[in-house]
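>>> Attaching a predicted model along with its sequence, questions to come.
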Amino acid sequence: MKSILKRSVLSAAMMLTAIAANAADWTPPGPIKLVIAFKAGGGVDTQARLIAEELEARHGWDVIPEQVTGKGGLNAVMDISEQSGDGTVITMTASNAVGYGLRSSGATSQDVFTAITTTAGVQMGIVSKTDKGWENLDDLIAAAKAGEEISFGAMSPMLGDLAYVIAKEKGVDFNIISMRGGKAVMNGLNAGDIDVGFLAGPQTKAVLAGEMVNLVSAMSEPLIASPEAKLLKDHGIEFTGEGFFTFLGPKNMDTEARDAIAAAIAEIVKDPETKAGALINKVFGKPTVIAGDDLAARLSADWDAAGALIEAAK
């Protein structure tokens, strides 16, 4: 088994090396419009602008950021879907935009984009202030069963559905509050306006300082800041709030352009000396690069999981 794994890792490394070598010969035929799917100041916007800055510095590419927000990052994807596939138009969004977001919009397939690469995984946890006295999800559920009214902040419809499914599975009720972004959830927790909420990385500093607690990982793996926190699946919940910061291109994007852009972005985010790499390591623990066909397969799996979550939340 170890030898098989070693060969697989070696094969993947050789493939990425080949892609990077081929990508080095590509240059965009004009300025690259980078459509940013979320408002200024958030994790997507900050990463996108830092990566754009470094692409210009390293490769001389003219990268022009532009905001197209709304519908949990889906508006940006649809905005570029029919545009040129020559590498002069790309978007940075959240992977859930083309999983839950696209599926809940009534779309019947994901045939509206080309997967380029991820930069990092979100660190999605269910978080409370330390002074609530809860140490894990069991404590939260026990408080709800004891009659405490729990206000639960969710920054997207997908996370609202996930909070609802958790409550249903555990036989409790949450007052689920829709909030606009992680900053709103952080502010709500700090102000005492909500008792608990989903956060995807901004809580890390407060958790390490002992001010907040990751009650449970809403990922498929432990949270970097709270490796001791159980996973949702450990509590019998089959869904996650997992997601990735993701670059996408128009549908039918040229493969050479896709691979060149993916390789250039990967080089930047894996370098801790770049501003983008430093940010990712500080806030999200480490870069996570999934590119090309591997990313397309991952996003397809997210599409299937989104369908199951939507059904479970009915």
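Cool, got the structure.
>>> which ones are touching Phe284?
For Phe284, the contacting residues are 43, 120-123, 201, 245, taking C-beta atoms under 8 Å, 6 or more residues apart in numbering as the criterion. Bear in mind the C-beta positions are built from the backbone N, C-alpha and C, glycine included.
>>> Which helix or strand contains the nearest residue to it once chain neighbours are set aside?
Once flanking residues are discounted, Phe284 sits nearest to Ala120: 4.2 Å by C-beta to C-beta, 6 or more residues apart in numbering. Assigned by DSSP states H and E, Ala120 falls within strand 113-121.
>>> would you put the C-alpha positions of the next helix or strand after that strand in PDB?
Later in the chain than strand 113-121, the nearest helix or strand by DSSP H and E is strand 125-129. Extracted in PDB, the C-alpha atoms of strand 125-129 (Å, rounded to 0.1, in the frame of the first residue of the first chain):
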ATOM      1  CA  GLY A 125     -15.800  25.700  12.300                       C
ATOM      2  CA  ILE A 126     -18.800  26.300  14.500                       C
ATOM      3  CA  VAL A 127     -17.600  28.900  16.900                       C
ATOM      4  CA  SER A 128     -18.600  30.500  20.200                       C
ATOM      5  CA  LYS A 129     -17.100  32.900  22.600                       C
END
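>>> Can you get me a residue count around the closest residue to Leu74 other than its chain neighbours?
In space, and not counting its chain neighbours, Leu74 is closest to Gly101: 4.2 Å by C-beta to C-beta, 6+ apart. Residues contacting Gly101 under the criterion other C-beta atoms under 10 Å number 24.
>>> My guess is Gly101 contacts Asn75. True?
No: counting by C-beta atoms under 8 Å, Gly101 does not reach Asn75; the two are 9.4 Å apart.
>>> residues contacting Asp86?
Applying C-beta under 8 Å, 6+ apart to Asp86 gives the contacts 28-29, 254, 257.
>>> roughly how far is the strand holding Ala120 from the heart of the chain?
Per C-alpha atoms, centre = their mean, to the nearest Å, the displacement of strand 113-121 from the mean C-alpha position of its chain is 10 Å.
>>> cool, and stretch 106-113?
Counting by C-alpha atoms, centre = their mean, stretch 106-113 is centred 19 Å from the centre of its parent chain.
>>> in stretch 240-260, what's buried?
In terms of neighbour count (16 or more other C-beta atoms under 10 Å), stretch 240-260 has its buried residues at 240-251, 253-254, 257-260.
>>> Ok, stretch 148-167 next?
Of the residues in stretch 148-167, those buried under the neighbour-count criterion (16+ other C-beta under 10 Å) are 150-167.
>>> per-residue confidence for the spatially most central residue of the chain?
Most central in the chain under C-alpha atoms, centre = their mean is Phe244, positioned 2.8 Å from the mean C-alpha point. Model confidence at Phe244, given as pLDDT, is 96.
>>> quick check: angle from the host helix or strand of Glu311 to strand 113-121?
Assigning secondary structure by DSSP H and E places Glu311 in helix 292-312. Between helix 292-312 and strand 113-121, the angle formed by their directions is 90 degrees, by axes from the mean of the first three to the mean of the last three C-alpha atoms, to 10 degrees.
>>> where do the helices sit along the stretch 51-200 of the chain?
For the stretch 51-200 of the chain, the helices defined by DSSP state H, counting those that start in this stretch occupy 74-80, 100-104, 137-145, 157-170, 182-191.
>>> what residues does the third one touch?
The set of residues that contact helix 137-145 without belonging to it, under C-beta under 8 Å, 6+ apart, is 126, 128, 133-134, 150, 167, 170-174, 196, 215-216, 230, 232, 235.
>>> Quick check on these: which are buried?
For the contacts of helix 137-145, a burial check counting by 16+ other C-beta under 10 Å picks out 126, 128, 134, 150, 167, 170, 172, 174, 196, 215-216, 232.
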